[in-house]
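A.B. asks: need a 3D model of the sequence below.
(one chain, ligands or ions: 2)
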Amino acid sequence: MKRAFKWLGYIVGGLLVLIIIAVGTAYAISSRRMARTYPTQVAETIAIPTDPASIERGRHLARAVGKCQECHGDNLAGKMVSDAPVFARLSSANLTSGKNGIGDYTDADYVRSIRYGVGRNGKPLIFMPSEAYYHFDDADLGAIIAYLKSVPPAELPVTPAKQIGPIARILFLTGMFPLVPAELIPRNQPRPAPIAEGVTAEYGSYLAKTGGCTSCHGPDLTGGNAIQGVKVPNLTPAGSPGKWSEADFFKVIRTGTRPDGRVLSAVMPWLNMKELTDAELRAMWIYLQSVPAKQPAN
Ligand code: HEC
Ligand code: HEC
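C.D. replies: Residues are numbered from 1 along each chain as shown. Ligands and ions are numbered 1, 2, ... in the order given. I've put the predicted structure just below:
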């Protein structure tokens, strides 16, 4: 009996040591990746327009395509993005010129943070989806910046927080959670050529990249993984959209309701996509129908 307990003690003790080593390693590797310093200079100069039409275009792109309000709040003054310590305690930033805001940002600061996911100190912005915004062309990024500069000042309503817990770190290290989008963004590469706005598959593809559809549904849109426990569906013609009409797709995006009546989880940010115009949704629909029908790899 005594002997059995002794062995059990060794086994449990050994397992605990292994777990401590595994968690410690996960903390060390993820901390190093989050603390890496990136170049702060930005090669490109982007024209920031000041006319009302461009500011309105920027407002639309920020709200409906980039969905900045989802994480930065309706007045863009920032909020808690996650408040669960085992996952992460993370606040977004105040994008206005109010207290704790970015009123002293230079144009290069805007471009570096939005397009490359890197803050003023050269550290990567955590969980800020620049891998999608990288695809905005210069005119659209300029319009978004023009809009941000026009937003009334407000104060960050929460205490800033950046504590990344074990779950977010483990998901990050297994490639399932984009904690450091800066790692995914090409630097010093020629910019992709701008794509003309229109009801075309090419413009639909542009909206799918800048709108983050490919960030969650995968570069080939086959989905397959899970986010916050919700399975990400296949958007290629091999998935449900292959059986839908254009009207079904419009209804899914505008109301979150699938043809079978099920309302989509809020992990799919449909609440922030409502303002996409008919022309934009039509372009996305044409694009979704044009991609190869494929099953997810896993
Ligand atoms: C999925 C959530 C999310 C979305 C959507 C999002 N952001 Fe962010 N953003 C963050 C978080 C979190 C931070 C803070 C990162 C940090 O502190 O490391 C941040 C930081 C920033 C910063 C840096 C501010 C500073 O203090 O230096 C800028 C600029 C910014 N976001 C702009 C935008 C714009 C513009 C959009 C929409 C086009 C947007 N964000 C959409 C989560 C998001
Ligand atoms: C933050 C991650 C995320 C982003 C960004 C995102 N989606 Fe989703 N999407 C999901 C998840 C998760 C679901 C599944 C929700 C459910 O089943 O309740 C989903 C469901 C869908 C569905 C329903 C498909 C079906 O078979 O039921 C469509 C259509 C869709 N997304 C289109 C898009 C488009 C178009 C974009 C870009 C404009 C986009 N999504 C961006 C995560 C995302």
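A.B. asks: ok, residues contacting stretch 83-95?
C.D. replies: Stretch 83-95 is contacted by residues 68, 71-73, 76-82, 100-102, 126-128, 148, 151, 154-156, 158-168 when judged by CB atoms under 8 Å, 6 or more residues apart in numbering. Bear in mind the C-beta positions are built from the backbone N, C-alpha and C, glycine included.
A.B. asks: buried ones among the residues you listed?
C.D. replies: 68, 71-73, 76-82, 100-102, 126-128, 148, 151, 154, 156, 158, 164, 168 (16 or more other CB atoms under 10 Å).
A.B. asks: which ones among these map onto strands?
C.D. replies: 80, 81, 82, 164 (DSSP state E).
A.B. asks: pLDDT-wise, which helix or strand of this structure ranks last?
C.D. replies: Across the helices and strands of the chain, mean pLDDT, DSSP states H and E gives its lowest value to strand 226-227, namely a mean of 88.
A.B. asks: just checking, next helix/strand downstream of that one?
C.D. replies: Heading C-terminal from strand 226-227, the first helix or strand you meet, by DSSP states H and E, is strand 230-231.
A.B. asks: what comes into contact with that following strand?
C.D. replies: Contact partners of strand 230-231, identified using CB under 8 Å, 6+ apart, comprise 223, 224, 225, 265, 267, 268.
A.B. asks: farthest-apart pair in these, please.
C.D. replies: Between any two of the contacts of strand 230-231, the greatest separation by CB to CB is 16.2 Å, found for 224 and 265.
A.B. asks: so how far is residue 249 from residue 96?
C.D. replies: Counting by CB to CB, to the nearest Å, the separation of residue 96 from residue 249 is 35 Å.
A.B. asks: give me the more crowded residue out of the two.
C.D. replies: The neighbour comparison of residue 96 against residue 249 (other CB atoms under 10 Å) goes to residue 96, with 24 against 20.
A.B. asks: so that one sits in a strand?
C.D. replies: No - per DSSP: H, G, I helix; E, B strand; the rest coil, residue 96 lies outside any strand segment and is coil.
A.B. asks: wait, doesn't it sit right on residue 103?
C.D. replies: Yes - the pair residue 96 / residue 103 is scored as a contact, 7.4 Å apart, by CB atoms under 8 Å.
A.B. asks: SS state for residue 86?
C.D. replies: Secondary structure, three-state DSSP: residue 86 is coil.
A.B. asks: between the contacts of strand 230-231, which sits nearest residue 7?
C.D. replies: residue 225 (39.8 Å).
A.B. asks: contacting residues for that closest one?
C.D. replies: If a contact means CB under 8 Å, 6+ apart, then residue 225 has 176, 218, 231, 232, 296, 298 as its contacts.
A.B. asks: kindly recompute the last result at 6 Å.
C.D. replies: For residue 225, the contact set (CB atoms under 6 Å, 6 or more residues apart in numbering) comprises residue 232.
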